[in-house]
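A.B. asks: Return a 3D structure for these sequence lines:
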Amino acid sequence: MADKISLQNSSNFAVISNPQFVSEGIVTESLLNPDRVILGGETDPASQKALGVISSIYERWVPRDRILKMSTKSAEVSKLVINAFLAQRVSSINAIASVCEETAADVRQVAGAIGCDSRIGPHFLEAGLGFGGNTLPADLHRLVYTCESLDLPVVADYWSAVLSVNEYQISRFFRKVTAHYCETLRGKKLAVLGCAFKKGTPDVKNSPAVFICSRLLLEDAIAAVYDPLSKREFLVDAIIETFGRKLGKFTLDYKAMYNSMRKPASFFDGRLVAPHRELKEIGFRVEALGVKI
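C.D. replies: Numbers count the residues shown, from 1 in each chain. Next comes the predicted model:
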């Protein structure tokens, strides 16, 4: 960009890289209290002046030690790698979830043990259906493309594996659903609780729930998608939960759900937040990721 502008304009100018790290669902909080602000620029006087101007704006509410100044390329790579590391943690705990199912371990307990290590920390260690949205998948694909264009195939394969595990986790969960019904979902009506890719946002881009719904339709099942604004009631065979027990003012009444369903009623927990013992006592047949039930 800088090269193109310089060909058309002889005046002094500067191109500054200021990647955003806002998180959907907590946009205001992440803007007002960011973990860091990254400013990338070159060493020429115009760039340094521009960096100072942008930095002075952020210093009105961001502590100075959280404002990181670096080269433009370092800022751009940092943006990709930060999101890649977040996605990597999600895929890592989801990969371990499959190990836990086969060994009768509980991935929640394993994640708790991992998170107690100060070198690792507890964040992004909740097993589930994987990551979605626009940012994490897009930046991972960009990082893979960058590695391939730099002739770094081993590194590209490493980050591609993070994407592969994410896709595998969703497919593995769907296979649980089909296996539960002896490989046929024709005519089955399943309620999918939550359609956004994460709680706190209406964004459905790359949502695991949307993938689940599309697969249900391909199998000639009927997908009834529930969200906090839904008023319509459905008589269904099974529940697929893709978000936590509470989403804003929306609280799940499992007993009422069970009473409105065809029997035997099934519950597939894709987020490991449902009370499995309570569900079984109510009468549900329960399937979940990362635990043996």
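A.B. asks: Output the below-cut-off pLDDT ranges for this protein.
C.D. replies: By pLDDT under 70, the low-scoring segments of the chain are 1-11, 25, 200, 202, 227-236, 239-251.
A.B. asks: what's the domain layout of it?
C.D. replies: Using automatic domain parsing, the domain ranges for the chain come out as 2-70, 75-170, 172-288.
A.B. asks: Quick one: the ones you listed as a markdown table, columns for mean neighbour count too.
C.D. replies: Any C-beta I mention is one placed from the backbone N, CA and C, and that applies to glycine too. Output for the domains of the chain, formatted as a markdown table (neighbours: other CB atoms under 10 Å):
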| stretch | mean neighbour count |
| --- | --- |
| domain 2-70 | 14 |
| domain 75-170 | 17 |
| domain 172-288 | 17 |
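A.B. asks: looking at this, residue 55 is in a helix?
C.D. replies: Yes. With DSSP: H, G, I helix; E, B strand; the rest coil as the criterion, residue 55 is assigned to a helix.
A.B. asks: That one: what's it in contact with?
C.D. replies: By CB atoms under 8 Å, 6 or more residues apart in numbering, the contact list for residue 55 reads 39, 67, 69.
A.B. asks: From residue 35, how far off is it?
C.D. replies: Residue 55 is 17 Å from residue 35, where distance means CB to CB, to the nearest Å.
A.B. asks: for residue 226, same thing?
C.D. replies: Counting by CB to CB, the gap from residue 226 to residue 35 is 34 Å.
A.B. asks: Ok, residue 187 next?
C.D. replies: 49 Å.
A.B. asks: Got the phi and psi for the residue most central in space within the chain?
C.D. replies: Note on the chain: the residue nearest the mean C-alpha position is residue 131, at 2.6 Å, using CA atoms, centre = their mean. Reported as degrees, to the nearest 10, the phi and psi values for residue 131 are phi -90, psi 150.
A.B. asks: ok, it touching residue 87?
C.D. replies: Yes. Counting by CB atoms under 8 Å, residue 131 touches residue 87, with 5.4 Å between them.
A.B. asks: any common contacting residues for these two?
C.D. replies: Residues touching both residue 131 and residue 87 (CB under 8 Å, 6+ apart): 137, 166.
A.B. asks: the strands in the stretch 51-200 of the chain, which residues?
C.D. replies: Here the stretch 51-200 of the chain has its strands, by DSSP state E, counting those that start in this stretch, at 67-70, 189-193.
A.B. asks: gap between the one helix or strand residue 212 maps to and the chain center?
C.D. replies: Residue 212 belongs to helix 208-218 when elements are defined using DSSP states H and E. Its chain's C-alpha centre and that of helix 208-218 lie 17 Å apart, by CA atoms, centre = their mean, to the nearest Å.
A.B. asks: Run through who's touching the helix or strand just after that helix.
C.D. replies: Downstream of helix 208-218, the next assigned helix or strand under DSSP H and E is strand 222-226. Residues from elsewhere that reach strand 222-226 (CB under 8 Å, 6+ apart): 187-195, 209, 212-213, 216-217, 234, 236.
A.B. asks: And residue 45, how far from residue 55?
C.D. replies: Applying CB to CB, the value for residue 45 to residue 55 is 15 Å.
A.B. asks: Actually, residue 255.
C.D. replies: Distance, residue 255 to residue 55, by CB to CB: 56 Å.
A.B. asks: Hmm, residue 60 and residue 32 touching each other?
C.D. replies: No. Look at residue 32 against residue 60 with CB under 8 Å: they stay out of range, at 11.1 Å.
A.B. asks: residue contacts, the residue lying closest to residue 66 once chain neighbours are set aside?
C.D. replies: Excluding the flanking residues, the one nearest residue 66 by CB to CB, 6 or more residues apart in numbering is residue 36, at 5.1 Å. Applying CB under 8 Å, 6+ apart to residue 36 gives the contacts 21, 66, 67, 68.
A.B. asks: what does residue 74 give?
C.D. replies: Residue 74 makes contact with residue 40 under the criterion CB under 8 Å, 6+ apart.
A.B. asks: now do 10 Å
C.D. replies: By CB atoms under 10 Å, 6 or more residues apart in numbering, the residues touching residue 74 are 17, 38, 40, 68.
A.B. asks: What is the most widely separated pair among these?
C.D. replies: The largest separation in these, counting by CB to CB, is between 17 and 68 at 11.4 Å.
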